[in-house]
Structure formats: C-alpha cells, structure tokens
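Q: Dropping the sequence and predicted coords here.
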Amino acid sequence: MSESTNDFKNVSKHILPTSSNLLGLCFILISFLKLWKMDKKIDFILDIFVGIAITLFLLSSIFSYMSMRARKKSLFYEKIADVIFLIGLFFITLISLMITFELL
C-alpha cells in the first residue's frame, strides 16, 4: 500500500490548533515555575526543557501552517510538523514527570 497525499493532508488541521494550545500551556508553565520556588538545579533544568518545548511547538505550528498553505511541498512540511510535534510532546511529558517527582 502506498501513502497518498490525502492520508496525511488532514493531520495539519489537527497539529496547528493543538500545538498552539500546548505553546500557551508552556507559557503558563513558565509563569508557574517562576512563582514556585524549587531547588535551583531542578528549576534550571525545567526552564531549559520548557524553553525547548516552546521552540518545538512554535516550529510545529509554523510547519503545520506552511503545510496547509504550500502546494508542492505540503506533505513534506506536514511530516516535519508531525515529527516536531511528537518531540514536543515528549518534552512536555518529561517536564510533567519532573514536576511530579519534585512534589513528592
């Protein structure tokens, strides 16, 4: 079976709003982390991870938008947005685990 353009075309319509929402969540996380005093080492690592997540979700949003606007490289941009989005989800999961175990 070959992958057709139509199989992937609808993914960008889901990646863009979800990635934008998670980008907003990351900004809320930054505010939360600045108000909550933690160990400086963990706070520094969390700041880096949240910064990476913000960058990834921003890039995912950009590539998803480019995929919807482009004619020739639409599938290429969509695949990039998909991979970057999944990496961003991985970082959000790491951040959540770090905050959870810091609370214990």
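A: Cool, the structure landed. Residues are numbered from 1 along each chain as shown.

Q: what's the helix or strand containing Asp47 packed up against?
A: Using DSSP states H and E, Asp47 falls within helix 40-69. Taking 3 or more C-beta pairs under 8 Å, 6 or more residues apart in numbering; DSSP states H and E as the contact definition, the neighbouring helices and strands of helix 40-69 are helix 11-35, helix 74-103. Quick note: C-beta positions are derived from backbone N, CA and C, even for glycine.

Q: mind checking which helix or strand of the chain has the lowest mean pLDDT?
A: Least confident helix or strand, the chain: helix 5-9 with a mean of 54, by mean pLDDT, DSSP states H and E.

Q: Do I have it right that Ser60 meets His14?
A: No. When contacts are counted by C-beta atoms under 8 Å, Ser60 is not listed as touching His14 (11.3 Å).

Q: Look at the two and report which has more neighbours.
A: Neighbours around Ser60 and His14, counted as other C-beta atoms under 10 Å, are more numerous at Ser60. The numbers are 28 against 12.

Q: low pLDDT regions in this protein?
A: Across the chain, residues meeting the criterion (pLDDT under 70) sit at 1-9, 103-104.

Q: How many neighbouring residues does Met98 have?
A: Applying other C-beta under 10 Å, we find 15 residues neighbouring Met98.

Q: my guess is it contacts Lys41, does it?
A: No. With contact defined as C-beta under 8 Å, Met98 and Lys41 do not form a contacting pair (11.1 Å).

Q: I figured Ser19 hits Tyr65, correct?
A: No. Using C-beta under 8 Å, Ser19 is not in contact with Tyr65; the gap is 9.6 Å.

Q: Please say which of these two ends up with more neighbours.
A: Ser19 (26 against 17).

Q: Enumerate every residue touching that one.
A: Residues in contact with Ser19 (C-beta atoms under 8 Å, 6 or more residues apart in numbering) are 57, 60-61, 64, 81, 85, 88.

Q: Recalculate using a threshold of 6 Å.
A: Residues counted as contacts of Ser19 (C-beta atoms under 6 Å, 6 or more residues apart in numbering) are 57, 60-61, 85.

Q: Let me know how buried the spatially closest residue to Ile52 that is not a sequence neighbour is, in neighbour terms.
A: Using C-beta to C-beta, 6 or more residues apart in numbering and skipping the chain neighbours, the partner closest in space to Ile52 is Phe91 (5.5 Å). By other C-beta under 10 Å, 21 other residues sit near Phe91.
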